[in-house]
Every structure is written in structure tokens, then in C-alpha cells.
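Enquirer: Show me the folded form of this:
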Amino acid sequence: MLLFKCLKIFLARIADVSLGTLKTVSCVKGKTVEPFILAFFEVLIWYFIAREVLNTTGNTFLIAIVYALGYATGTLVGSLLSKVFIKGVVGVQIVLKEGNDNLIKKLRKIGYEVAVIELKNDYEGKNKDMLFIEVSTNKLKELTKLVKNFDNKAFIAINDTKLIQNVK
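Expert: Okay, here's the model as predicted:
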């Protein structure tokens, strides 16, 4: 009986915390309807499981451990799910070791919108290019691999983008 109750608490906490994590990521991405729905089910699950935990007598230490393990596991599962289900756009800034017109042409040819700024580097005495690219998260790995193939010492910085306007 206690084992069944522990399993039920553990699984319920995974579910409600995963939903909470997805809700938070959705809010950060600027969504409104999805977080509303996720929040409803998150709190509904939490309410029923918290009520059961608080009404438990006996080995409450084991219940507390399972409750905390479910919370921690739910955070992990929610993070993994958010990477799969919540797509977004990121801004990628790339500083090439040396100007690389071939890479820029290739990126534009395959559909990336690339803005280029020439950088003057007095320290090394070499001019470099900085590329600015907005890309969906599902194409990020492809982009970074392509850049590394052309310039394996390129500096790449990636930032979340909340809003893009005037896109072709």
C-alpha cells in the first residue's frame, strides 16, 4: 500500500512539475494560451497529490523523500520536454577568425539571413567579421556545424530572441 502511494506521488510530481516547467518556458517565449492551459492542469494535479500527502499518516519521511524526488525528476523531464516541444528563435553572433566570404555566401545561398559587420582588431592586427543571424532553434545545430567546418576557431554566442519583426 505504501509503495503504491509512493509511486503515485512520484509520478504525479513528475507530471505537475513538468507542466510547470513547460508553462514557464512558454511564458518566457511570449506565449499566452499555452501557459494558461498548462497552469490549470499543473495546479489540478498538485492539489490532489498535495492533499493526499498531507493526509498521509505513518512513514511520512519516505513520502517526503519521494515527493522531493518527483519534483526534481519533474524539473529534469520538463526541461527536456521544453527543448522538444517549445521551438523558438535565437540570435547567433559569430566572430570569424578571419574574414570568410565563402562561408557568408554559403549561408546566404542556403537561406540564412546574414548581417555582417567588419571588426578592426588592433591587438592582433587582423580584421575580422562578425555575423548576425536569427535562426530557429531546430536549425541551430546545423548552423553551428556549418560554421565550425569553415572556421573551427570561430567564436559563437547564442541568445534567446523574443520577437522578430520585418522578416521576409
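Enquirer: Rounded mean pLDDT for the lengthiest strand in the chain, please.
Expert: What stands out as the longest strand in the chain, according to DSSP state E, is strand 126-136. For strand 126-136, the mean pLDDT works out to 86.
Enquirer: Now do the buried residues in that strand.
Expert: K128, D129, L131, I133, V135 (16 or more other Cβ atoms under 10 Å). For every residue, glycine as well, the C-beta is placed using N, CA and C.
Enquirer: which two in those residues are spaced the farthest apart?
Expert: K128 and V135 (20.7 Å; Cβ to Cβ).
Enquirer: okay if I get the buried residues of strand 126-136 as TSV plus distance to N59?
Expert: Listed next are the buried residues of strand 126-136 as TSV, based on distance: Cβ to Cβ, whole Å:
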residue	distance to N59
K128	63
D129	64
L131	59
I133	56
V135	52
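Enquirer: ok, of those residues, which one's closest to L44?
Expert: Nearest member of the buried residues of strand 126-136 to L44, counting by Cβ to Cβ, is V135, at 36.7 Å.
Enquirer: Once you drop chain neighbours, what's closest to that closest one?
Expert: Spatially, and ignoring its direct neighbours in sequence, V135 is nearest to L143 (5.5 Å; Cβ to Cβ, 6 or more residues apart in numbering).
Enquirer: cool, and L2?
Expert: N59 (6.4 Å).
Enquirer: Check I86 too.
Expert: Nearest to I86 is V25, by Cβ to Cβ, 6+ apart, at 5.2 Å.
Enquirer: Contact partners for G70?
Expert: I9, F10, L11, A12, R13, I14, V17 (Cβ atoms under 8 Å, 6 or more residues apart in numbering).
Enquirer: Now it: which helix or strand?
Expert: helix 60-85 (DSSP states H and E).
Enquirer: Could I get the average pLDDT for that helix?
Expert: The model assigns helix 60-85 a mean pLDDT of 93.
Enquirer: What of stretch 35-50?
Expert: 96.
Enquirer: same thing with stretch 142-158?
Expert: Rounded mean pLDDT across stretch 142-158 is 90.
Enquirer: Other residues contacting that stretch?
Expert: For stretch 142-158, using Cβ under 8 Å, 6+ apart, the contacting residues are 90-98, 100, 102-103, 106-107, 112, 133, 135, 140.
Enquirer: Please flag which of these sit within helices.
Expert: N102, L103, K106, L107, L140 (DSSP state H).
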